[in-house]
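Enquirer: With the sequence up front, the predicted model follows.
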Amino acid sequence: MKSYFLNNPNAFTLDTSTTHQQNDPNNFNLIERVVAGYLMNTINFNRVRLHTGLRFENTTEDVVGYQVNVDSDGNYVSTSRWRIIPATWTRCQAPNCATR
């Protein structure tokens with residue numbers, strides 16, 4: 001059987017997508033990349049200070065295993081998502097007056 005396969009390579013075609021779907025759930029690999037930035041602003045009103053901010057995050061995951069994501073050509077598909085996380089807090093000069 002092996003010699004027939006080696007002597008007739010053009011008689012066989014590799015279905016990359018099906019191969020990934022059947023074999024990759026048995027192998028696990030995860031690469032996660034997180035890129036983030038933060039913008040902050042401070043506004044003063046006499047004794048009260050208002051802080052506001054936005055955090056921007058982009059997370060990209062390249063995952064092999066369990067659930068296999070491939071396109072029609074059998075190439076792996078990465079997942080990517082953006083998140084914007086707002087923050088605000090105030091502070092005043094009187095004792096015990098900080099809130100978040």
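Expert: Cool, got the structure.
Enquirer: Where do the helices of this structure begin and end?
Expert: Using DSSP state H, the helices assigned to the chain run over residues 2-7, 16-23.
Enquirer: now could you export just the CA positions of the first one as CSV?
Expert: Put plainly, it is helix 2-7. The C-alpha coordinates for helix 2-7 follow below in CSV (Å, rounded to 0.1, in the frame of the first residue of the first chain):
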residue,chain,number,x,y,z
LYS,A,2,2.8,2.4,1.0
SER,A,3,4.7,1.7,-2.2
TYR,A,4,1.6,2.3,-4.4
PHE,A,5,1.1,5.7,-2.6
LEU,A,6,4.7,6.7,-3.1
ASN,A,7,4.7,5.6,-6.8
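Enquirer: Just the pLDDT at the closest residue to residue 72 other than its chain neighbours, thanks.
Expert: For residue 72, ignoring the flanking residues on the chain, the nearest one in space by Cβ to Cβ, 6 or more residues apart in numbering is residue 17 at 7.0 Å. No exception for glycine: its C-beta is placed from N, CA and C like everyone else's. According to the model's per-residue confidence, residue 17 sits at a pLDDT of 72.
Enquirer: what's around residue 78, how many residues?
Expert: Applying other Cβ atoms under 10 Å, we find 11 residues neighbouring residue 78.
Enquirer: partner residues bridging the nearest residue to it once chain neighbours are set aside?
Expert: Nearest residue to residue 78 in three dimensions, chain neighbours excluded: residue 62, at 5.1 Å (Cβ to Cβ, 6+ apart). When bridges are taken as DSSP bridges, the partners of residue 62 come out as residue 31.
Enquirer: residue contacts, residue 62?
Expert: Applying Cβ atoms under 8 Å, 6 or more residues apart in numbering to residue 62 gives the contacts 29-32, 76, 78.
Enquirer: Just send those back as TSV, with pLDDT and distance to residue 7 too.
Expert: Supplementary listing: the contacts of residue 62 in TSV, determined by pLDDT from 0 to 100; distance: Cβ to Cβ, whole Å:
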residue	pLDDT	distance to residue 7
29	76	35
30	78	40
31	84	39
32	87	45
76	71	32
78	71	39
